[in-house]
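K.L.:
Below are the sequence and a predicted model; questions follow.
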Amino acid sequence: MISNCWDRASRIRRLKRRRTRLKSRAATGGGFLLVLFLFSPVAQRALYAQSAAAAKHIDFNRDIRPILSDTCFKCHGPDEETRQANLRFDTKDGGAFEPREGYRIIVPGASAESRLFQKISSKDEAFRMPPVDSGRSLTAKQIELIRQWIDQGAKWETHWAYLAPKRPPLPRVQNARWPRNPIDNFILARLESEKLRPAPEAGRATLLRRVSLDLAGLPPTPKEIAAFLADRAPDAYEKRVDALLASPHYGERLAMQWLDLARYADTHGYHIDSHREMWHWRDWVIETFNRNLPFDQFIVDQLAGDLLPSPTVKQRIATGFCRNHMINFEGGAIPAEYHNEYVVDRVDTVANVFMGSTLGCSRCHDHKYDPFKLRDYYRLYALFNNVPEQGLDGREGNAEPVLELPSPEQQQQLDELKEKIAAAKAALPEKEITALQGEWQKTALTTIPSDPRDGLVSLYEFDSDLADSSGHGRPTSWDVATTATRAKW
């Protein structure tokens, strides 16, 4: 209670001193002019411009797009069935910046003239947006963000994923001697902003362990550690990095991530999950990383290696990327359904891996937030629907189509057998064989039994009364029907 009284008395004294100063200024005449200037329209505009300049920069993707998405897209978004007033806020070309009958939705640099700001800030419920019955509303902070964004020029930005990255300037740091590369500047700047210091430099053995696990996926051996610690050359670390890059384990380490993205497996996945051989494609990936194949060629070989002019065996193997999907042979499954799922898997995987974006939403409708259309999805679908495969396959080994990959020894044996088969066919008397086959067919076809029951001891039909219907007992319905049929003929 004493503290509150003391604070109140202090505020009263400050207000009295301030009033005394204003009176003394007004008595000189200059204070009166100052008061008039502060309340003049020119001064108000100047103060407003100064405050707007001091306000933080409003980023469309960070500050504005989420507001529009949450509160406006239901009626002014990508869905044509619910869109109203021929107005979209999900795209810049949706009518928000185009002149209308006596007004514009957004006037860059002038929020007071923008119908958007007029609507969202109105006190009249019948005029205000979003409508009351929509169940959505804007907070005072969100309205202020939109006002500032418009007054700052209403700069529209596409989704950040489709913006070309720009190299930012290096941040200034206090300890300018600590950074050894540009990335260190960003790390140190953040540490200094948090009042933190960098950790002490790791020991040589720790550095070797880190780089070995990063590049080869394996820790260094005791022998490698001892050699590195004994090497006092300035480029000892660089030499060890070069050795790791030249190691076959480097390709194995990098291939692990790519195999996961490409859904690599040596089994079919569905039902019994039977075995298949895809390790040839796995080894191709490892080899390409080890020989540093350019990434553009890496993509072409996997998506269209078999379509290249005079493709090599390895380029054909590379197309195994498109056959890594699960394959089903479960009894009762519909072949056409699973053939469709295989193609969908290729489309989705190619989008995820090479475009870095999910495309699955466009399987049923135009994408609401990304520039993907239903038509685009099925164009890509049609491209991958050219594989001559069966919907149900893979019960034993790989599913069709299969690329035969014999070893050099096996290939030599196959070549020898093909030569022997060709020589044997060339020595055969074709005319005599054809004549003999014709004579055999004449006699063989005439010896087929006329009645399939000939020679049967007994016959019990599933839909009968469990009596013997082989013809040795009483006549059955089958016998009567057969006799009637023979009589007609």
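P.N.:
In hand now; what should we look at? Residues are numbered from 1 along each chain as shown.
K.L.:
Would you mind measuring from the nearest residue to I105 once chain neighbours are set aside to A226?
P.N.:
Residue nearest to I105 in three dimensions, not counting chain neighbours: A96, with 4.5 Å by CB to CB, 6 or more residues apart in numbering. Quick note: C-beta positions are derived from backbone N, CA and C, even for glycine. Between A96 and A226 the computed distance is 68 Å (CB to CB, to the nearest Å).
K.L.:
again with G153
P.N.:
The span separating G153 from A226 equals 63 Å under the rule CB to CB.
K.L.:
quick one: low-confidence ranges for the stretch 101-250 of the chain?
P.N.:
Counting by pLDDT under 70, the stretch 101-250 of the chain shows no low-confidence range.
K.L.:
so where do the helices sit in it?
P.N.:
Taking DSSP state H, counting those that start in this stretch to define them, one finds helices in the stretch 101-250 of the chain at 115-120, 140-151, 182-193, 204-215, 222-230, 236-246, 248-261.
K.L.:
angle of the fifth one against helix 204-215?
P.N.:
By that I understand helix 222-230. Counting by axes from the mean of the first three to the mean of the last three CA atoms, to 10 degrees, helix 222-230 points 130 degrees away from the direction of helix 204-215.
K.L.:
which residues touch helix 222-230?
P.N.:
Applying CB atoms under 8 Å, 6 or more residues apart in numbering, the contact partners of helix 222-230 are 204-205, 208-209, 212, 220, 236, 240.
K.L.:
Identify each buried residue in it, please.
P.N.:
Judged by neighbour count (16 or more other CB atoms under 10 Å), helix 222-230 contains these buried residues: 224-225, 228.
K.L.:
now those residues in TSV, with distance to R65?
P.N.:
As requested, the buried residues of helix 222-230 are exported to TSV (distance: CB to CB, whole Å):
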residue	distance to R65
E224	51
I225	52
F228	51
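K.L.:
So which of those residues is the closest to I334?
P.N.:
Here the nearest of the buried residues of helix 222-230 to I334, counting by CB to CB, is E224; it sits at 56.4 Å.
K.L.:
Distance of A154 relative to F462?
P.N.:
Counting by CB to CB, the separation of A154 from F462 is 79 Å.
K.L.:
More neighbours: which of these two?
P.N.:
A direct count of neighbours by other CB atoms under 10 Å for A154 and F462 places A154 higher, at 22 against 5.
K.L.:
got the contact list for that one?
P.N.:
A154 is in contact with 97, 106-109, 114, counting by CB under 8 Å, 6+ apart.
K.L.:
filter these to the buried ones?
P.N.:
If you count burial by 16+ other CB under 10 Å, the buried members of the contacts of A154 come out as 106-108, 114.
K.L.:
Show me which of the residues you listed is closest to Y378.
P.N.:
I106 (35.5 Å).
K.L.:
dump the residue contacts of the closest one.
P.N.:
96-97, 114-116, 150, 154.
K.L.:
centroid residue for this structure?
P.N.:
By CA atoms, centre = their mean, the chain has its centre lying nearest to N352, at 2.7 Å.
K.L.:
In three-state terms, label the residue lying closest to that one once chain neighbours are set aside for me.
P.N.:
Beyond its immediate neighbours in the sequence, the residue positioned closest to N352 (CB to CB, 6+ apart) is T358, lying 6.3 Å away. Assigned with DSSP: H, G, I helix; E, B strand; the rest coil, T358 falls in the coil class.
K.L.:
Would you convert the helices of the stretch 101-250 of the chain into CSV that also reports distance to N386?
P.N.:
Converted to CSV, the helices of the stretch 101-250 of the chain look like this (distance: least, CB to CB, whole Å):
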stretch, distance to N386
helix 115-120, 49
helix 140-151, 48
helix 182-193, 45
helix 204-215, 39
helix 222-230, 50
helix 236-246, 38
helix 248-261, 23
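K.L.:
how about these, which one is nearest H339?
P.N.:
Checked against CB to CB, the stretch from those lying closest is helix 248-261, at 23.5 Å.
K.L.:
Any of the contacts of helix 222-230 buried? List them.
P.N.:
Buried subset of the contacts of helix 222-230 (neighbour count, 16+ other CB under 10 Å): 204, 208-209, 212, 220, 236, 240.
K.L.:
farthest-separated two in the residues you listed?
P.N.:
With distances taken as CB to CB, the most widely separated pair in the buried ones among the contacts of helix 222-230 is R209 and A236, at 14.8 Å.
K.L.:
Wasn't V387 part of a helix?
P.N.:
No - V387 is assigned coil when assessed by three-state DSSP, not a helix.
K.L.:
That one and Q142, how far apart?
P.N.:
To Q142, V387 is 50 Å away according to CB to CB.
K.L.:
higher neighbour count, those two?
P.N.:
When V387 is set against Q142 and neighbours are counted by other CB under 10 Å, the residue ahead is Q142, at 18 against 14.
K.L.:
Which residue, other than its chain neighbours, is closest to that one?
P.N.:
Distances taken as CB to CB, 6+ apart put I67 closest to Q142, at 5.1 Å, once the chain neighbours are dropped.
K.L.:
helix, strand or coil for that neighbour?
P.N.:
helix.
K.L.:
could we number from 8 for the rest of this?
P.N.:
All set: I'll call the first residue 8, so the last point we hit is now I74.
K.L.:
which residues touch the residue nearest to L261 when sequence neighbours are not counted?
P.N.:
Nearest residue to L261, sequence neighbours excluded (CB to CB, 6+ apart): F296, at 4.5 Å. When the contact criterion is CB under 8 Å, 6+ apart, the partners of F296 are 257-258, 261-262, 265.
K.L.:
Name the SS class of F296, please.
P.N.:
Under the three-state scheme (three-state DSSP), F296 adopts helix.
K.L.:
From G327, how far out is it?
P.N.:
As defined by CB to CB, F296 lies at a distance of 16 Å from G327.
K.L.:
which ones are touching N182?
P.N.:
N182 makes contact with 195, 199 under the criterion CB under 8 Å, 6+ apart.
K.L.:
and it, how far is that from A451?
P.N.:
With CB to CB as the criterion, N182 and A451 are 98 Å apart.
K.L.:
quick revisit: and which of the contacts of helix 229-237 is nearest to S128?
P.N.:
Minimum separation from S128 among those (CB to CB) is found for R216, which lies at 60.4 Å.
K.L.:
Excluding chain neighbours, what is closest to V351?
P.N.:
Counting by CB to CB, 6+ apart, R370 is the residue found nearest to V351 once chain neighbours are left out, at 6.8 Å.
K.L.:
quick one: pLDDT of that neighbour?
P.N.:
Among the per-residue scores, R370 holds a pLDDT of 91.
K.L.:
Check the gap between it and K438 for me.
P.N.:
Using CB to CB, R370 is found at 60 Å from K438.
K.L.:
try N359
P.N.:
Computed with CB to CB, the distance linking N359 and K438 is 61 Å.
K.L.:
do L94 as well
P.N.:
According to CB to CB, L94 stands 84 Å off from K438.
K.L.:
what does V464 give?
P.N.:
The gap separating V464 from K438 is 46 Å, by CB to CB.
K.L.:
try L310
P.N.:
From L310 across to K438, the span is 51 Å (CB to CB).
K.L.:
What is the neighbour count of A103?
P.N.:
22.
K.L.:
how about a markdown table for the buried ones among the contacts of helix 229-237, with distance to V320 added?
P.N.:
Converted to a markdown table, those look like this (distance: CB to CB, whole Å):
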| residue | distance to V320 |
| --- | --- |
| R211 | 45 |
| L215 | 39 |
| R216 | 39 |
| S219 | 34 |
| P227 | 36 |
| A243 | 41 |
| R247 | 36 |
